[in-house]
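Participant: got a sequence here, can you model it:
(one chain, ligands or ions: 2)
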Amino acid sequence: MLEIRHLYKIYGAREQEVFERLQRGEPRTEHADHVVAIEDVSFQVDAGSTYVIMGLSGSGKSTLVRCINRLHEPTSGAISLGGEDITQASRARLRSLRGQRVAMVFQGYGLLPNRSVLANVAFGLELKRVNEKERTQRALASLELVGRAGREKRYPAELSGGMQQRVGLARALAMDPEVLLLDEPFSGLDPLTRKQMQRELIELQSRIQKIIVFITHDLDEALTIGNRIGIMREGRLVQEGTPQEVFCKPSEPYVADFVRDVNPLLVLTAHDCMRPLGERDAVAPDGLACRVSADTRLADIVGLVASSNGGGVVVEHQLGKAIGAVLPDDILAAVASRGSAK
Ligand SMILES: Nc1ncnc2c1ncn2[C@@H]1O[C@H](COP(=O)(O)OP(=O)(O)OP(=O)(O)O)[C@@H](O)[C@H]1O
Ligand SMILES: [Mg+2]
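Facilitator: Numbering: from 1, shown residues only. Ligands and ions are numbered 1, 2, ... in the order given. Here you go, the predicted model:
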C-alpha cells in the first residue's frame with residue numbers, strides 16, 4: 001500500500017520557515033515570495049487500485065507525484081510504501097527505489113530516438129546491469145503486456161503518439177515496479193486514441209494489479225480510469241472518493257463546476273439506480289431477462305435493459321448473488337436526478 005500523510009511542498013528559499021508559519025495558522029498570502037504547491041495532502045492507494053489526481057493547471061498535481069519518488073523533496077509529511085517511509089530514504093536507497101519499486105511515465109514519452117523500441121524498453125534494466133538475455137526477455141514480456149509485441153525493432157520516430165506512449169508504459173513495466181506514476185500520459189493524444197488508451201490501461205491494471213497514481217486535468221478521464229479520485233485546488237485535496245461519490249456529491253462549487261457537463265450514463269452504475277431485493281416495490285428477479293454486475297456503468301446496460309421488454313436486469317456482484325433489479329424507469333430517474341436521490 002502507498003500512503004501519503006500530511007504532505008507539504010513549498011517552493012522557495014525559506015520553505016521550512018514558511019511551513020512553520022503555516023502551521024501557526026498564518027494565511028498563505030503572507031508568503032508571496034514562496035509557492036505553497038502542496039498543503040496538507042493525505043491519501044492512500046492499495047495494490048490493484050488506480051488513484052487519479054485531477055485538478056486545473058497549477059493546482060499541484062505534478063509536484064505531488066514528483067514528491068512521491070522524491071524528484072522533488074517534500075517540505076514535510078510522510079510517504080510510505082509497504083511500511084517504508086520514502087521521505088527518510090538515503091540517496092542510495094532512493095536510487096534503488098526509483099529503479100525497482102516506483103516507476104514514472106511522463107507526458108512527453110521520453111523515448112531515446114537513436115534506440116530501437118526494444119532497447120528503449122530495456123534501458124532501465126541496462127542501467128541496473130541486468131544481463132542482455134534477461135533484459136531482452138523482460139522487455140519483450142512488457143511489450144507484450146501493452147500489446148506491442150512484434151514492433152520491437154522499430155525506432156520511436158516511426159511510431160504514432162499512442163504507440164510511443166505504450167512503449168513508455170512498457171519501459172516502466174519492464175522494471176516490474178510496485179508503483180506506477182503516470183503524469184498526464186495521454187494528454188498529447190487525439191480523443192479517440194486517448195479513449196482507446198484509457199480502456200487499455202484499465203484492462204492492463206486488471207492483470208498487473210499495481211499501485212497506480214494517474215494525473216490528469218480531464219475529469220472524464222479521471223471518472224473512467226479511477227477507482228478513487230482526488231480533486232486538487234491550489235495545492236489542497238478538496239475532495240476524495242469514488243467516481244460516483246465525486247459525481248453525485250461534489251464537496252464545493254469548484255468540483256461541481258467540473259462535474260456539471262459529465263454524462264451521467266458514463267459514471268453512474270447499476271448499483272446507483274437499482275432497487276434492492278426485498279423492498280416493497282421490488283420485482284421478482286426470476287422474471288427478468290438479463291443480468292449485470294453491480295459496478296457496470298449505465299452506458300453499458302441501458303441498451304440491454306431497454307431491449308429486455310421492460311423486464312429489467314437482475315443486479316449481482318461478481319460472485320453471482322442477486323442483490324437487486326433495474327427497470328428502465330430507474331435508469332431514467334437516476335439520470336434525471338444525477339444520482340442525488342440515492
Ligand atoms: N520548480 C518550481 N519552482 C517554483 N515553483 C514551482 C516549481 N514547480 C512548480 N511550481 C509552482 O507550483 C505550483 C504547482 O505546479 P504543478 O506543476 O505541480 O501544477 P500542475 O497541477 O501539475 O499543473 P499542470 O496541469 O499545468 O501540469 C504552480 O504554482 C507552479 O508555478
Ligand atoms: Mg503538471
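
Participant: where does the stretch 151-300 of the chain dip in pLDDT?
Facilitator: Applying pLDDT under 70 to the stretch 151-300 of the chain flags the ranges 278-289.

Participant: how about the residues of it by ligand 1?
Facilitator: His217 (CB under 6 Å from any ligand atom). Using the backbone N, CA and C atoms, a C-beta is placed for each residue, glycine as well.

Participant: quick one: the strands in the stretch 151-300 of the chain?
Facilitator: Under the criterion DSSP state E, counting those that start in this stretch, strands of the stretch 151-300 of the chain are mapped to 179-183, 211-216, 228-233, 236-241, 275-276, 290-293.

Participant: of all those, which one comes closest to Leu327?
Facilitator: strand 275-276 (7.6 Å; CB to CB).

Participant: and the closest one, how far out from the chain middle?
Facilitator: Centroid separation for strand 275-276 versus its chain: 30 Å, with CA atoms, centre = their mean, to the nearest Å.

Participant: and what of stretch 31-44?
Facilitator: Using CA atoms, centre = their mean, the offset of stretch 31-44 from its chain centre is 21 Å.

Participant: any idea how far Ile4 is from the residue in the stretch 101-250 of the chain that ligand 1 sits nearest to?
Facilitator: Scanning the stretch 101-250 of the chain for the residue nearest ligand 1 gives His217, at 5.1 Å (criterion: CB to the nearest ligand atom). Relative to Ile4, His217 is positioned 20 Å away (CB to CB, to the nearest Å).

Participant: more crowded one of the two?
Facilitator: Ile4 (26 against 18; other CB atoms under 10 Å).

Participant: what helix or strand is the more buried one located in?
Facilitator: strand 2-11 (DSSP states H and E).

Participant: mind listing the helices for the protein?
Facilitator: Counting by DSSP state H, the chain has helices at residues 15-23, 61-68, 91-96, 117-121, 123-127, 132-145, 161-174, 191-208, 219-225, 243-248, 253-259, 270-273, 298-307, 328-336.

Participant: now those helices as a markdown table including mean neighbour count?
Facilitator: Formatted as a markdown table, those follow (neighbours: other CB atoms under 10 Å):
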| stretch | mean neighbour count |
| --- | --- |
| helix 15-23 | 16 |
| helix 61-68 | 22 |
| helix 91-96 | 11 |
| helix 117-121 | 24 |
| helix 123-127 | 17 |
| helix 132-145 | 17 |
| helix 161-174 | 23 |
| helix 191-208 | 15 |
| helix 219-225 | 22 |
| helix 243-248 | 22 |
| helix 253-259 | 16 |
| helix 270-273 | 24 |
| helix 298-307 | 16 |
| helix 328-336 | 17 |
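
Participant: tell me which of those lies nearest to Ser49.
Facilitator: The nearest among the helices of the chain, by CB to CB, is helix 191-208 at 8.5 Å.

Participant: now do the closest one against helix 132-145, angle only.
Facilitator: Here helix 191-208 runs at an angle of 120 degrees relative to helix 132-145 (axes from the mean of the first three to the mean of the last three CA atoms, to 10 degrees).
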